[in-house]
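> The sequence and its predicted three-dimensional model are supplied below.
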Amino acid sequence: MKKGLFRYGLVLVIVILFIGVNTITISTSKVDNNLFFGLEVTQSAIWDNNMEYIDMVAVQWDESINFDFFLADDFLFENDQEINDVHWIGGYWSLNYSNACYDWYISFMKDDGSGCSPDSHPQTPSFAGPFCYSWEEICKELIEDTGNHIYYTMSVDLPEAVIFTGSDKFWISIWAEGVYPPHSGWGYHYDYMLNPAVLGSEYYNFSFWTPGDEVLGFNFDMCFQLTGWPNLPPSAPIIDGPSSGKQGRLVCFTVHSSDPDEDNVMYFIDWGDRTSDVTDFYPQCEPVEVCHKYIGGNYTIRAKAIDFFGAESDWSEFEVSIPRTRASSYLWFLERFPLLERLLNFLL
């Protein structure tokens, strides 16, 4: 009976060998940078909503008569992303548009959970803003003067960088504040990327937020870009430690990497025995200790660094040799599966 149980225990060991040990994995992806639309800057368009315009839709607040017309459009990033600047197509139409020198405002709002609407009003945004810019502060480049409409490219620096969390949808709203008329407007096009733009106006009695086709009879997206400094990846980590160790005992190494943006970094360690570990985030260049137990054999440790915004380094490698002992065939399992050790002690 005892031999039968022992054979059963050996079968269990073989099954565990076949299945292997669970591996800790992480998934990261990089934001694709698009080309900026023409201004001479060294930053990249992190979100490019297309700066080609068809026409303008009113975006304006006139406190004197409570005239309001607000627009919002959505965007999201795969990873956490820092934004420094906003660019859009804007302008005026109606009477005396050439004399319109309104202040312009920008707000960022969170999604209300539906994916189709912001969760707040632009003048009291849930995420960031409103940021105010005088006409003199806006980088204005006259694009077109048709006699009825006048279009500008408008570009502003945010007063401080805004960091948007990855995979969460956000909404941007841009509007001018000035006496109506003339009208101020934000350029739009038909090629919307996520959800079409939405509108809100108490003056015209349509609710915040209403789809464009219910107000104007068609869906559209707004012309804007969000730019920031490109997120550069950290350097391949340096792995430092012993080239040999004892089986069943912790072998410790240090890893460290530098990041050009001075972002915090985490480390993904592939121990070379079908197991891996992921560290917490640490300041770049700070040595981080990582330890592991091996059974006998030769192993190639691989490590890479991932910065706070998801940029990944190249892999680094380090060779380690663990001399075998007579008990090497059991130690690896017994240390990882204490219940199995108890079973074998009972059987033997």
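Arrived safely. Residues are numbered from 1 along each chain as shown.

> what residue is smack in the middle of this structure?
Nearest to the geometric centre of the chain sits Asn79, at 1.8 Å (Cα atoms, centre = their mean).

> The residue nearest to that one when sequence neighbours are not counted: what secondary structure?
Using Cβ to Cβ, 6 or more residues apart in numbering and skipping residues adjacent in sequence, the residue nearest Asn79 is Gly310, 3.4 Å away. Every C-beta, even on glycine, is put in place using the N, C-alpha and C of the backbone. Look at Gly310: counting by DSSP: H, G, I helix; E, B strand; the rest coil, its state is coil.

> what separates Gly310 from Gln225, distance-wise?
Applying Cβ to Cβ, to the nearest Å, the value for Gly310 to Gln225 is 21 Å.

> Tell me which stretches of the stretch 151-300 of the chain form helices.
With DSSP state H, counting those that start in this stretch, the ranges of helices along the stretch 151-300 of the chain come out as 212-215.

> Report the residue spans of this protein with pLDDT below the cut-off.
By pLDDT under 70, the weakly predicted segments of the chain are 1-45, 95-98, 326-348.

> Which strand in it has the most residues?
Secondary structure assigned by DSSP state E gives strand 149-164 as the longest strand of the chain.

> Sheet-wise, list the partners of that strand with their directions.
strand 81-93 (antiparallel), strand 139-145 (antiparallel) (DSSP bridges).

> Just the residues contacting the shortest one, thanks.
Spelled out, that is strand 139-145. Strand 139-145 has contacts (Cβ atoms under 8 Å, 6 or more residues apart in numbering) with 39, 89, 150-156.

> Try it again at 7 Å.
151-155 (Cβ atoms under 7 Å, 6 or more residues apart in numbering).

> wait, which of the residues you listed is closest to Thr279?
Among the contacts of strand 139-145, Ser155 lies closest to Thr279 (Cβ to Cβ), at 39.8 Å.

> Does that closest one touch His87 like I think?
Yes: the pair Ser155 / His87 is scored as a contact, 4.6 Å apart, by Cβ atoms under 7 Å.

> More neighbours: the two, which one.
The neighbour count for Ser155 versus His87, taken as other Cβ atoms under 10 Å, is higher for His87 (23 against 20).

> what comes up buried for stretch 119-128?
By 16 or more other Cβ atoms under 10 Å, the buried positions in stretch 119-128 come out as 120-122, 125-128.

> Stretch 69-85 now?
69-77, 79-85.

> Greatest separation within those residues: which pair is it?
Most distant of these, by Cβ to Cβ, are Phe69 and Asn79, 34.2 Å apart.
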